[in-house]
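Undergrad: Provide a 3D model corresponding to the input given below.
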Amino acid sequence: MFEPYLEVLVAPQPPNILNAGHTPPAQSQPVRPAQRSRLSWLRVLPLLARPLTQTMPWATLLAGCLAGTVYLAILASLTSNSQPLDQGNVRLAFLPAVAALAFVPHAPFRPLTQTTPVPAWLSPVGHLLLAAPIVAVACWVQLRIIAHTIPPHTIGHPPAIYPVIAQLTGWCAVAVAAAGCVDRSRYADLGGAVAAPVSFAAIALAWYAPIINGFFAEPPGTPHGVTIAWYAVATAASALTCVAMRDQWHRYSRRLHRPPAEHSPS
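TA: Numbers count the residues shown, from 1 in each chain. Prediction:
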């Protein structure tokens, strides 16, 4: 005599219910990840202005921009007209702003933001849009400070400013790219504490390495060549930042149980 099998009705699991038992889904009912609708998160963009401004590291950004500007202003007041400031002073004064920018593109509570109906990259992009005008104003003020130290009747033309602007733009892009990559790694909690030294190391390598020194510094490089090189670096760093921000790798997810190895029939 054979015992009859019990018939158990199994309802398909909704896609919005998480599998708490860590059991694999049935083969006939595969669980697909829910896709965010573009219109759903575009509607909540006006509501994100307050959270973005509250999570923005204003103190770090303003301190970095003001530190270099105040240093350059004090240095300009101590020097006389016979010894004007040069572009090297601007590069040195802009380094605190670069270090502060490395703390900006950080998504706080990323495991929580992954469950919201908005993309996870929206928070760091919003922070960068808020920080860009402040960094640009700091750069403009520092360039104006060194311009006032140059005597009006100087013999010869002053050095071109556009290579310096290209260099500072490349430095900012490198810092943002480093911060974006760190934010997607296991060291995301450290943020700018890791990205800032990495950015300074990349800047020093481009400035002092004898092999590539002729492309990123003048002299020996030409103003046009230095400008093109740094804008190329800024473009590549921006592309790397976009790829890093759209990375969907979860640093907290680990595979706890390995499936048993299938033995081939002998």
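
Undergrad: so where is this structure shaky, pLDDT-wise?
TA: Residue ranges of the chain with pLDDT under 70: 1-45, 80-82, 108-118, 153-157, 247-266.

Undergrad: ok, 90 please
TA: Low-confidence regions of the chain, defined by pLDDT under 90, span residues 1-56, 75-89, 105-126, 146-161, 180-192, 206-223, 242-266.

Undergrad: tell me where the stretch 51-200 of the chain has helices.
TA: In the stretch 51-200 of the chain, the helices defined using DSSP state H, counting those that start in this stretch lie at 58-78, 87-101, 110-113, 122-148, 162-183, 192-208.

Undergrad: winner for burial among these?
TA: Using mean count of other CB atoms under 10 Å, the stretch among the helices of the stretch 51-200 of the chain with the largest mean neighbour count is helix 162-183, at a mean of 24. In short, each C-beta sits where N, CA and C put it, glycine included.

Undergrad: what's it packed up against?
TA: helix 87-101, helix 122-148, helix 192-208, helix 223-245 (3 or more CB pairs under 8 Å, 6 or more residues apart in numbering; DSSP states H and E).

Undergrad: quick revisit: columns distance to Leu47 on top of the helices of the stretch 51-200 of the chain, output as CSV?
TA: Shown next, in CSV, are the helices of the stretch 51-200 of the chain (distance: least, CB to CB, whole Å):
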stretch, distance to Leu47
helix 58-78, 20
helix 87-101, 26
helix 110-113, 14
helix 122-148, 12
helix 162-183, 23
helix 192-208, 27
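
Undergrad: before we move on, back to that, with distance to Thr53 added, can I get the helices and strands packed on helix 162-183 in a markdown table?
TA: A markdown table is the format used below for the helices and strands packed on helix 162-183 (distance: least, CB to CB, whole Å):
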| stretch | distance to Thr53 |
| --- | --- |
| helix 87-101 | 17 |
| helix 122-148 | 7 |
| helix 192-208 | 19 |
| helix 223-245 | 20 |
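
Undergrad: of those helices, which is nearest Ala73?
TA: Nearest to Ala73 among those is helix 122-148 (5.9 Å), distances taken as CB to CB.

Undergrad: and the closest one, what does it pack onto?
TA: helix 49-55, helix 58-78, helix 87-101, helix 162-183.

Undergrad: what does the third one contact?
TA: Spelled out, that is helix 87-101. By CB atoms under 8 Å, 6 or more residues apart in numbering, the residues outside helix 87-101 that reach it are 57, 60-61, 63-65, 67-69, 71-72, 75, 131, 135, 138-139, 142-143, 146, 159, 161, 164, 167-168, 171-172, 175-176, 179, 192, 196, 199-200, 203.

Undergrad: ditto for the second one
TA: When contacts are taken as CB under 8 Å, 6+ apart, the neighbours of helix 58-78 outside the stretch itself are 85, 89-90, 92-101, 103-104, 131, 134-135, 137-138, 141-142, 145-146, 148-149, 192.

Undergrad: relative to helix 192-208, how tilted is it?
TA: If you take axes from the mean of the first three to the mean of the last three CA atoms, to 10 degrees, helix 58-78 sits at 40 degrees to helix 192-208.

Undergrad: go on, the third one?
TA: Counting by the same axes, to 10 degrees, helix 87-101 lies at 150 degrees to helix 192-208.

Undergrad: which ones are touching Ile203?
TA: Residues near Ile203 by CB under 8 Å, 6+ apart: Val98, Trp171, Val174.

Undergrad: same thing but 7 Å
TA: If you count contacts by CB atoms under 7 Å, 6 or more residues apart in numbering, Ile203 has them with Trp171, Val174.

Undergrad: make 754 the first number, not 1, from now on.
TA: With 754 as the first residue, the last one maps to Ile956.

Undergrad: any idea how far it lies from Ala970?
TA: Here Ile956 is placed at a distance of 11 Å from Ala970 (CB to CB, to the nearest Å).

Undergrad: one more: Arg897?
TA: Counting by CB to CB - Arg897 and Ala970 are separated by 24 Å.

Undergrad: kindly report the same for Leu838.
TA: Leu838 is 18 Å from Ala970, where distance means CB to CB.
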